[in-house]
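Peer 1: I would like the atomic coordinates for the input below:
(chains A and B)
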There are 2 protein chains.
Amino acid sequence: MPVTKSPRLLLPDADISGPLFVGIDLGGTNIKAALVDGQGQMVAFHTEPTNVQNGPDDAAIRMGHSVELLAHCVGLARSDIAAVGLGTPGPQDLSTGVLLKPGNFPGWENFPVRDRVAEHCGHAVTYANDATAAAYGEFWVGSGRDDTSLILLTLGTGVGGGIIIHDMTIEGAHSHGSECGHIIVDSSPTARMCPCGQPGHLEAYASATALKARASERIRDGGVGTLADAVNQGEPLTPILIGNHAEQGDQLAMSLVMETADWLAIGIVTLMHTIDPSAIILGGAMTFGRDEHPVGRAFLDRIDTCIRRHTFPTLAKKTALRFATLGGHAGSIGAAGLGRLTWKQQNS
Amino acid sequence: MPVTKSPRLLLPDADISGPLFVGIDLGGTNIKAALVDGQGQMVAFHTEPTNVQNGPDDAAIRMGHSVELLAHCVGLARSDIAAVGLGTPGPQDLSTGVLLKPGNFPGWENFPVRDRVAEHCGHAVTYANDATAAAYGEFWVGSGRDDTSLILLTLGTGVGGGIIIHDMTIEGAHSHGSECGHIIVDSSPTARMCPCGQPGHLEAYASATALKARASERIRDGGVGTLADAVNQGEPLTPILIGNHAEQGDQLAMSLVMETADWLAIGIVTLMHTIDPSAIILGGAMTFGRDEHPVGRAFLDRIDTCIRRHTFPTLAKKTALRFATLGGHAGSIGAAGLGRLTWKQQNS
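Peer 2: This next block holds a predicted model:
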């Protein structure tokens, strides 16, 4: 097993005379932390396993300690860091900083994550939903850096959402703002069930889990082709497998990708008619290679075509639709950016 | 024909030493203007026919003049008014203040309404969508005066929407924000067509026009009962007729009202999962007598029940659902309030 040095200094020559910010992104597998300068450049980053099974207190100590690790990286003390931001999955109470009942974190219920991390890093912590933090990252220095507002949809195991309007995050009155995966896209009696237990939500159609379920059903119902053959021969059904077979011309695989695009477009149109952002950004692992691959490009084109069937022509023309660019760093950079916003407000 | 004195002074004893604001609400039938004090109390109002057929210049002159009329009402000159707001139907370009192609205003295309009214009243004018202005009115001093955020859905010929979050209106990057009537609630191939030309939008199900269309189809397809009898005997089909028959126990009429509630709930759940406001407010003419009548109460109860089937239990519990209280004055009071917000920003 290769030993990766962490934290890792990326920009040894960065201007460390300006204020520096740390953003922490708590995931079910890893804790990622980024040291970011005032222009949103990542100076250094640190990653380590979350070790969910060790409980939230253990992770909070290590999240807090990551601030010191990153500060040391550039020869500073943790007190030299201007501000700290933290993004975690929901459900959460953003106003009190409490993680409520996070799905992939058994035993972490009702944990006051914001204040525990604050205690261990010696800084007040700006707390956000992880998808909102990622959206702010893309807005600040990523795919949406030239936009005045954006919505990020993260396509992975679930469908996350983040809405940013002029440096403001839409958190909601009850911490349920920006939960775009739970837009209703199918109100029919045969609507698919969302993992949240309600019918017809976007996540029940456009997540990796949903794509696999739809693929499985199609193959079970007699779908044929190279994808079906591979699965019937025991290959594990994954979005990557589906994407690969789609790229090789398998019609069933391509139709599954296009169906995902169609459902996404339904949700996106609703967002265009309520938020009307400058740009819609698609991120997360399930983006079929993004702009770099023909399936990714076909996926985006199909969403665009389907949007045009459901919205006003000029609005479709004016609203940008593109992939995210910060990859797995969006959440930590965005969390640092949200920490910076709080710091700016306090120092203005 | 009774002569109504207009403008009409409502609060002769209002504190006219504080700043006063005028809000103008341009409708297809009437121009309404309100003189409002800093606490949102309507001191006086003025209403006159829009006379769409006389063209936009004629109306702009009269809208501008209404500021002077209202100022005179309380012994002031138009220059004594602190700020002026204006709400008009869309589509519009809010940034340039231009009315684009308003449906019920033939011949008014691309009219620079904001600047023309400003010219005629001697004040800079804060310009908004009429439903957004009404939402702000309800937020400031109406049904949502104790809420931190709200969404107003106005149910009338169409379905309008206004989203207010902490004194901020959601206008969108291309003036299409808050167009909640164009949320997709039905993505099936048999979705109804919205007057905007796109399928499956909320307005195609929950407007007065849509209710009448659905009723008409049900009666044509053999629906029976007192409503069907009345319509078959030539009575004009209106939401009021449907509401009256529902109140008298007609099952077809009641099912049409309940169906409207179900479609609204689908759209509302999507709004709860994206905006997550403190409250959802229902306004407009098609509210079946609101809290005052059993059908209005049954309508609200049914929306509530249907929301609970599609959202998180705690969110359903925490989000208020109620009727608007400012009636036909919401738009003009709200426009005055938006003028006041601009004035406050400029004087802070």
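
Peer 1: only C-alpha atoms for contact and neighbour calcs from this point on.
Peer 2: OK.

Peer 1: count of neighbours near residue A:182?
Peer 2: 30 (other Cα atoms under 10 Å in any protein chain shown).

Peer 1: need the contact list for it.
Peer 2: Residues in contact with residue A:182 (Cα atoms under 8 Å, 6 or more residues apart in numbering or on different chains) are A:201, A:202, A:203, B:270, B:273.

Peer 1: nearest to residue A:210, of those residues?
Peer 2: Minimum distance to residue A:210 across these is 7.2 Å, recorded for residue A:203 (Cα to Cα).

Peer 1: Now the phi/psi pair for the closest one, please.
Peer 2: Dihedral pair for residue A:203: phi -60, psi -30, per degrees, to the nearest 10.

Peer 1: Number of residues surrounding it?
Peer 2: 33.

Peer 1: and the gap between it and chain B?
Peer 2: Plainly put, residue A:203 is 12 Å away from chain B if you go by Cα to the nearest Cα, to the nearest Å.

Peer 1: Which pLDDT value does the model give that residue?
Peer 2: We have a pLDDT of 96 for residue A:203.

Peer 1: quick one: contacts for the closest residue to it other than its chain neighbours?
Peer 2: Among residues not flanking residue A:203 along the chain, residue A:181 sits closest, at 4.7 Å (Cα to Cα, 6 or more residues apart in numbering or on different chains). Neighbour list for residue A:181: A:153, A:158, A:159, A:160, A:161, A:201, A:202, A:203 [criterion: Cα under 8 Å, 6+ apart].

Peer 1: Residue A:348: which of these is nearest?
Peer 2: Looking across the contacts of residue A:181 and measuring by Cα to Cα, the closest to residue A:348 is residue A:161, at 29.6 Å.

Peer 1: Then that closest one would be within a strand, right?
Peer 2: Yes. Using DSSP: H, G, I helix; E, B strand; the rest coil, the secondary structure at residue A:161 is a strand.

Peer 1: Which strand residues bridge it?
Peer 2: With DSSP bridges as the criterion, residue A:161 is bridged to residue A:153.

Peer 1: Just give me the closest of the contacts of residue A:182 to residue A:229.
Peer 2: Distances from residue A:229 to the contacts of residue A:182, taken by Cα to Cα, are shortest for residue A:203, at 27.2 Å.

Peer 1: what secondary structure does residue A:95 sit in?
Peer 2: coil.

Peer 1: ok, the spatially closest residue to it that is not a sequence neighbour - how many residues close by?
Peer 2: The shortest distance from residue A:95 to any non-neighbouring residue, by Cα to Cα, 6+ apart, is to residue A:175 (7.9 Å). With neighbours defined by other Cα under 10 Å, the count for residue A:175 comes to 22.

Peer 1: One more: residue A:337?
Peer 2: 32.

Peer 1: Hmm, residue A:23 and it touching each other?
Peer 2: Yes. At 7.4 Å, residue A:337 and residue A:23 qualify as touching, with contact defined as Cα atoms under 8 Å.

Peer 1: Overlap of the contact sets of these two?
Peer 2: Taking Cα under 8 Å, 6+ apart as the criterion, residue A:337 and residue A:23 both touch residue A:85.

Peer 1: Counting by contacts, list what the helix-or-strand element of chain A with minimal mean pLDDT packs against.
Peer 2: None of the helices or strands of chain A scores lower by mean pLDDT, DSSP states H and E than strand A:8-9, at a mean of 83. If you count contacts as 3 or more Cα pairs under 8 Å, 6 or more residues apart in numbering or on different chains; DSSP states H and E, strand A:8-9 packs onto strand A:42-49.

Peer 1: Output the contacting helices and strands for the strand it packs on.
Peer 2: Here strand A:42-49 touches strand A:8-9, strand A:30-37, helix A:56-73, going by 3+ Cα pairs under 8 Å, 6+ apart.

Peer 1: again, only this time at 7 Å
Peer 2: The elements that strand A:42-49 packs onto, with contact taken as 3 or more Cα pairs under 7 Å, 6 or more residues apart in numbering or on different chains; DSSP states H and E, are strand A:8-9, strand A:30-37.

Peer 1: TSV for the ones you listed, including distance to residue A:289?
Peer 2: Formatted as TSV, the helices and strands packed on strand A:42-49 follow (distance: least, Cα to Cα, whole Å):
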stretch	distance to residue A:289
strand A:8-9	26
strand A:30-37	22
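
Peer 1: and among those, the most buried is which?
Peer 2: By mean neighbour count, with neighbours taken as mean count of other Cα atoms under 10 Å in any protein chain shown, strand A:30-37 ranks first of those at a mean of 26.

Peer 1: That strand to helix A:56-73, inter-axis angle?
Peer 2: On the basis of axes from the mean of the first three to the mean of the last three Cα atoms, to 10 degrees, strand A:30-37 is oriented at 30 degrees to helix A:56-73.

Peer 1: which residues sit against strand A:30-37?
Peer 2: A:19-26, A:42-50, A:66, A:70, A:332-333, A:336 (Cα atoms under 7 Å, 6 or more residues apart in numbering or on different chains).

Peer 1: Show me which of these are buried.
Peer 2: By neighbour count, with 16 or more other Cα atoms under 10 Å in any protein chain shown, the contacts of strand A:30-37 hold A:19-26, A:42-48, A:50, A:66, A:70, A:332-333, A:336 as buried.
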